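Chemist: Sequence and predicted structure below; questions after.
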There are 2 protein chains.
Amino acid sequence: MRAHDHRRVIATVCLSGTLEDKLTAAAAAGFDGVELFENDLIASAMPPEQVRERCAELGLGIDLYQPFRDFEAVPPDVLADNLRRAERKFDVVERLGATTVLVCSTVSPDAVDDDELAAEQLRALAERAAARGMRVAYEALAWGRFVNTYEHSWRIVRRADHPALGLCLDSFHVLSRGGDPALIRTIPADKLFFLQLADAPELDMDVLQWSRHHRLFPGQGSFDLPAFTAAVLDTGYTGPLSLEVFNDVFRQADPGPAAIDARRSLHLLEEQLGGTGIAPAPELTGYAFAELATAGAPEFAEALAALGFARTGRHRSKPVELWQQGEARVLLNAAPAAEVAIAALGVDTADPARSAERAGSMLAPILPRERGADEAGLSSVAAPDGTAVFFCRTEDGGGWTQDFQAAAEEGEGIGISGIDHVALTQPFDHFDEAALFYRSVLGLRPGALVEYAAPFGMVRSRSVQDRSGAVRLTLDGALVRRGRWAPAVPHPQHVAFAVDDAVAAARALRRRGAPVLPIPDNYYDDLDARFGLAPDFLAELRENSVLYDRDDSGALLHVFTRLLGGRVYFELVQRVDGYRGFGVANAPVRMAAHRRHRG
Amino acid sequence: MRAHDHRRVIATVCLSGTLEDKLTAAAAAGFDGVELFENDLIASAMPPEQVRERCAELGLGIDLYQPFRDFEAVPPDVLADNLRRAERKFDVVERLGATTVLVCSTVSPDAVDDDELAAEQLRALAERAAARGMRVAYEALAWGRFVNTYEHSWRIVRRADHPALGLCLDSFHVLSRGGDPALIRTIPADKLFFLQLADAPELDMDVLQWSRHHRLFPGQGSFDLPAFTAAVLDTGYTGPLSLEVFNDVFRQADPGPAAIDARRSLHLLEEQLGGTGIAPAPELTGYAFAELATAGAPEFAEALAALGFARTGRHRSKPVELWQQGEARVLLNAAPAAEVAIAALGVDTADPARSAERAGSMLAPILPRERGADEAGLSSVAAPDGTAVFFCRTEDGGGWTQDFQAAAEEGEGIGISGIDHVALTQPFDHFDEAALFYRSVLGLRPGALVEYAAPFGMVRSRSVQDRSGAVRLTLDGALVRRGRWAPAVPHPQHVAFAVDDAVAAARALRRRGAPVLPIPDNYYDDLDARFGLAPDFLAELRENSVLYDRDDSGALLHVFTRLLGGRVYFELVQRVDGYRGFGVANAPVRMAAHRRHRG
């Protein structure tokens, strides 16, 4: 049974809102069923029968009722009370029409460290479940008092030896403790009742707090979910692949996009496991263009002209200009817009149609095409932050550029050869979703997460890029959703152009009166202290507001413009000796400078 | 030298914004000086001389320049570079007019584990500092590669034996590793150059991440700051008490209130160390009143009437009614208001004048008095969330009640004896500040922090109460600042009234058609499973929407009204056998019900 033949399930605890909100979102994202989290049911005004009906209407099964806690390995009087408690829960599960109940390994002070007793009592519980046509999935919590590894839970289940008692495996509980998934292969498939999947970032902290606040959907963290899942599937496991993920951000985010993010993460996992039938992402060869919604602000054209771009075309039917220098193409769209923004990115792909097909398979929202009769038919999808991504194949004089009437204008270039990267600050709730989107839809590879202190709060940053580095994006986001104190521009964005000589380019900018962002002297005094650069070189950097960074891979020289239209800016980037980063060390200085020279 | 004779200093890294913002906020809060964080200077357009001038204008000293990193215990070529780097930094420090530079214990891969070498090189550094009239304060980072305890840093400083080399102690670095501050007493005062204070919550996590994301001002965490500080002061240390605190919330919060919060935390610490001259908080005897800004909405009076309150007075000059039952007094203020809110709390104190004096000393913003010629002169201050706190002395027919013309109306009570507690949901940035405010201004004691998952995100909750429990507040807040998905009412508030028999009271409410909040059946099914309550009792709870909780200390029965004016609600609370909590376990159920019955 291949990964994508399994039922795809999401735990209601993954999503924010009321139970009604959660079920609606899960169904809309295409899940087959839910794990019903007890607290969601308890707070709901829908009686269990109605929940059952609602799920049926939505095409959702109730694949698991969870959790039942602190049952096993207790003295007889506590056992009697626990069995009574279980029967009341079985009543609810029966009314829901569900059949599998999750029982977590105990954390109770009443419990004793006695596998024999645990097995005996779980057997009694399973016997009662079986009498109602139900079964019990026993799960080792990573912080279980005595049972906290799947090997241990499996010993107990084996010892109990009841057909209605099996295991629930949760990738977080196994991998957070450094567990070896290889041994899972020794468990018979008919004893694996349920599989919960969660990823997480590598964090050195108490495992309960880690679990409660930092779980992520598969592909968003550091765990090897493909290997873990493969081990389970290799047993012949036929149950659902179910996501049980919660963190401080998802718990308060709109459940609609969160459910789609979740479903997409399963698609990616299934692809990693092989054989989904989803077309692999075609190779990308570069940026076709970056399109800016300028809302008619003239400063964009002025800035591009000062940067040595030439207006090489006008769109045949829309108020859009094409500006070009080397392989860097910028579209200025003067149509009325809600906000100034990098409205769209065009990526050149070996096969635009297949790229679009893959994007659809990966649940990217397809955007409607708007084109004149004789215009190129470009497919595009919306990224989580609303940026449109167009699938292009830019050829000399062909493709989408045909939609533009050639303009005779020429510019005196400053050595810009193309787009180095595009930087999109992400809305708070979409940071992890965005990286997963670009990874799954475009096949880009996420880099390491970087955190840094900026003048108005902590920021995290992650790059995503294709194998060759032809298409690079940086995604930034505030670690905490900003409030009123933060600058009025919550999500600045920029396009970075590649140059061979940043100092020469910056000199040219200065001559032309380009809106270069002034960098303070204190920064250069610090550069001097840190790097001991040659005095002449340092003086040139200082004079031209060129920033500098160095790491193991090489050096970076870069220069910024002021904010245009109050939000978007440009950067010139010179990578020396294959510098691979994005100058994050200089970001706080750049932010403070933008703050001073805002508006 | 007593605690409050020391200079009070705050590190600029504690505060959000540009360096200009930070200096302004530090001065406004009454600090004597700052630790200047290098990154704040580097990003600033003010040259060091101008920073010096600006500080002088604001009455701030630059008590420390920090940090200089990764200096000691390196091979000769690295040493040469590090000394060059140090000289460039000394240039900056000279221009700033500062004299003390913080050097953190190395985390560099270039360094070796050799105390002798570290001492020798630090001595060389101190020699160069001394030549410029400066000195070096060496600090053991908790995550230092070789030197990570203050005992170790002290061995190195002692071995280096240079008058311009001393220690910087940071409470976080010592206490986060479980260090024993007692040994600090063995260090001569003239070798203690600087003292940094930070509190933190008890967290089991990587110490660097803990430090970077979770530090708190003294009194907001779990560290024993008084004992730590006392150990330092006992040496005869004469340097500053300096706050070096950063966390994800403070880094993005308005620096004005944050600096005042910081300054208040030092006041409290100084008081704990004895002899500040600040009047101790007078004993509180209960709530005088809770005042609701109703914006004229009639539902408040209707609800109070249905709850058995009598309108016993009308204010002589304002559109304010006094409603009363037992010792519970509620003022309904119908004046135009920006929002429906618990606008004010009156607390009965043994000495209102002294309470007001203490509040002022603890930097509580004093509110202007508005009163007619013959009205009682009540002092009041503003809590961080804007709630006014009045200092009262309610006596039979005397005090502030004299401002109300007695009304003849009588109500048929339902057994309400007084105000049990008031619950104020805190704006995101003010959660920790609020607890410290009530602790320092009113002398209330903070309870343990509780976190729980609610339908629209994680919530944290902390109670503050006086010794006798006469004045109890609960402060709730979202763990993450909520976004658009969250309910439109970000900060619901409520007043909880004490009753002897919640079921009887709830029955009366039902009879009177009070706006009781319906609680779903599923909740009672779960109560049955969890507690096995007597069927008749459970049926009564269910029928009357009474919620139930039980803990080690006793049991709680409570019932809620719907939201009034879209924001404020009432609760009836019956505490059985001295139950001490606030029914947090039921909060998610209550929230979901308020969501259903909103508006």
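Modeler: It's in.
Chemist: Buried residues, stretch A:32-50. List them.
Modeler: Of all the residues in stretch A:32-50, those buried under the rule 16 or more other Cβ atoms under 10 Å in any protein chain shown are A:32-48. No exception for glycine: its C-beta is placed from N, CA and C like everyone else's.
Chemist: what do you get for stretch A:1-10?
Modeler: Under 16+ other Cβ under 10 Å, the buried positions of stretch A:1-10 are A:3, A:4, A:6, A:8, A:9, A:10.
Chemist: How about stretch A:404-415?
Modeler: A:404, A:411, A:413, A:414, A:415.
Chemist: and the least confident of those?
Modeler: Of all the buried residues of stretch A:404-415, residue A:411 carries the smallest pLDDT score, 78.
Chemist: Quick one: mean pLDDT for whichever strand or helix holds residue A:511?
Modeler: According to DSSP states H and E, residue A:511 maps onto helix A:502-512. Averaging the model's pLDDT scores along helix A:502-512 yields 97.
Chemist: cool, stretch A:459-467 as well?
Modeler: Stretch A:459-467 comes out at a mean pLDDT of 97.
Chemist: That stretch near chain B anywhere?
Modeler: No - shown here: stretch A:459-467 not in contact with chain B (Cβ under 8 Å from any Cβ of the partner chain), separated by at least 9.8 Å.
Chemist: Then stretch A:30-49?
Modeler: Yes - on the criterion Cβ under 8 Å from any Cβ, stretch A:30-49 is in touch with chain B at A:38, A:39, A:41, A:42, A:43, A:44, A:45, A:46, A:47, A:48.
Chemist: Just to be sure, which of the residues you listed are found in helices?
Modeler: A:38, A:39, A:41, A:42, A:48 (DSSP state H).
Chemist: Next, residue A:251: secondary structure please.
Modeler: Recorded secondary structure, residue A:251: helix (DSSP: H, G, I helix; E, B strand; the rest coil).
Chemist: count of residues packed around the closest residue to it other than its chain neighbours?
Modeler: Spatial nearest neighbour of residue A:251, chain neighbours left out: residue B:457 (4.8 Å); criterion: Cβ to Cβ, 6 or more residues apart in numbering or on different chains. Neighbour count of residue B:457, defined by other Cβ atoms under 10 Å in any protein chain shown: 22.
Chemist: What residues are bridge-paired with residue B:457?
Modeler: Taking DSSP bridges as the rule, residue B:457 bridges to residue B:454.
Chemist: follow-up on the earlier one: for the helix holding residue A:511, buried residues please.
Modeler: So helix A:502-512, judged by 16+ other Cβ under 10 Å, has buried residues A:502, A:503, A:505, A:506, A:507, A:508, A:509.
Chemist: ok, of those residues, which one's closest to chain B?
Modeler: Ranked by distance to chain B (Cβ to the nearest Cβ), the buried residues of helix A:502-512 are led by residue A:506 at 18.5 Å.
Chemist: quick one: contacts for the closest residue to residue A:565 other than its chain neighbours?
Modeler: In this structure, residue A:565 finds its nearest non-sequential neighbour in residue A:340, 3.4 Å apart by Cβ to Cβ, 6+ apart. For residue A:340, the contact set (Cβ atoms under 8 Å, 6 or more residues apart in numbering or on different chains) comprises A:292, A:293, A:294, A:295, A:297, A:564, A:565, A:566, A:567, A:568.
Chemist: Most neighbours among those residues, which one is it?
Modeler: Most neighbours among the contacts of residue A:340, by other Cβ under 10 Å: residue A:292, with 29 neighbours.
Chemist: give me the element it is part of.
Modeler: Per DSSP H and E: strand A:284-293 holds residue A:292.
Chemist: strand partners of that strand, parallel vs antiparallel please.
Modeler: In the sheet, strand A:284-293 lines up with strand A:328-333 (parallel), strand A:341-349 (antiparallel) (DSSP bridges).
Chemist: Turn the buried residues of helix A:502-512 into a markdown table, columns for distance to chain B.
Modeler: Below are the buried residues of helix A:502-512 laid out as a markdown table (distance: Cβ to the nearest Cβ, whole Å):
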| residue | distance to chain B |
| --- | --- |
| A:502 | 20 |
| A:503 | 21 |
| A:505 | 23 |
| A:506 | 18 |
| A:507 | 22 |
| A:508 | 24 |
| A:509 | 20 |
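Chemist: Taking the stretch 101-250 of chain A, what residue is nearest to chain B?
Modeler: Counting by Cβ to the nearest Cβ, the stretch 101-250 of chain A gets nearest chain B through residue A:205, at 3.4 Å.
Chemist: State the distance from that residue to residue B:161.
Modeler: 40 Å (Cβ to Cβ, to the nearest Å).
Chemist: So for those two, which sits in the more crowded spot?
Modeler: A count of neighbours by other Cβ under 10 Å puts residue A:205 above the other of residue A:205 and residue B:161, at 17 against 11.
Chemist: Skipping adjacent residues, who's closest to the more buried one in space?
Modeler: residue B:205 (3.4 Å).
Chemist: what about the strands in the stretch 251-400 of chain A?
Modeler: A:284-293, A:310-315, A:320-325, A:328-333, A:341-349, A:379-382, A:388-392 (DSSP state E, counting those that start in this stretch).
Chemist: And for the stretch 451-599 of chain A?
Modeler: Here the stretch 451-599 of chain A has its strands, by DSSP E, counting those that start in this stretch, at A:457-465, A:472-478, A:493-499, A:547-551, A:554-560, A:568-576.
Chemist: now the stretch 101-250 of chain A
Modeler: A:135-139, A:165-170, A:192-197, A:241-243.
Chemist: Highest mean neighbour count out of the ones you listed?
Modeler: Most buried of the strands of the stretch 101-250 of chain A, by mean neighbour count (mean count of other Cβ atoms under 10 Å in any protein chain shown): strand A:241-243, with a mean of 27.
Chemist: And the contacts of that one?
Modeler: Contacts for strand A:241-243 (Cβ under 8 Å, 6+ apart): A:3, A:6-11, A:14, A:35, A:63-64, A:194-198, A:217-218, A:229, A:262, A:265-266, A:269-270.
Chemist: before we move on, what about stretch A:399-410?
Modeler: With Cβ under 8 Å, 6+ apart as the test, stretch A:399-410 has contacts from A:288-289, A:310-317, A:320-322, A:346, A:371-372, A:375-376, A:378, A:390, A:392-394.
Chemist: Tell me the span between the first and last residue of it.
Modeler: 22 Å (Cα to Cα, to the nearest Å).
Chemist: Run the chain-centre distance for that stretch.
Modeler: How far stretch A:399-410 lies from its chain's middle: 36 Å, per Cα atoms, centre = their mean, to the nearest Å.
Chemist: Same question for stretch A:364-380.
Modeler: Relative to the mean C-alpha coordinate of its chain, stretch A:364-380 is positioned 26 Å out (Cα atoms, centre = their mean).
Chemist: contacts for that stretch?
Modeler: Against stretch A:364-380 from outside (Cβ under 8 Å, 6+ apart): A:316-317, A:344, A:346, A:352-353, A:355-356, A:359-360, A:381-383, A:388-392, A:399-400, A:402-403, A:437, A:441.
Chemist: Can you lay out the strands of the stretch 101-250 of chain A as CSV showing mean pLDDT and distance to residue A:541?
Modeler: Output for the strands of the stretch 101-250 of chain A, formatted as CSV (pLDDT from 0 to 100; distance: least, Cβ to Cβ, whole Å):
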stretch, mean pLDDT, distance to residue A:541
strand A:135-139, 98, 58
strand A:165-170, 98, 52
strand A:192-197, 98, 49
strand A:241-243, 98, 49
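Chemist: So for the longest helix seen in chain A, what gets flagged as buried?
Modeler: Longest helix of chain A, by residue count under DSSP H: helix A:76-96. For helix A:76-96, the buried set under the neighbour-count rule, 16+ other Cβ under 10 Å, comprises A:78, A:79, A:82, A:85, A:86, A:88, A:89, A:90, A:92, A:93, A:95, A:96.
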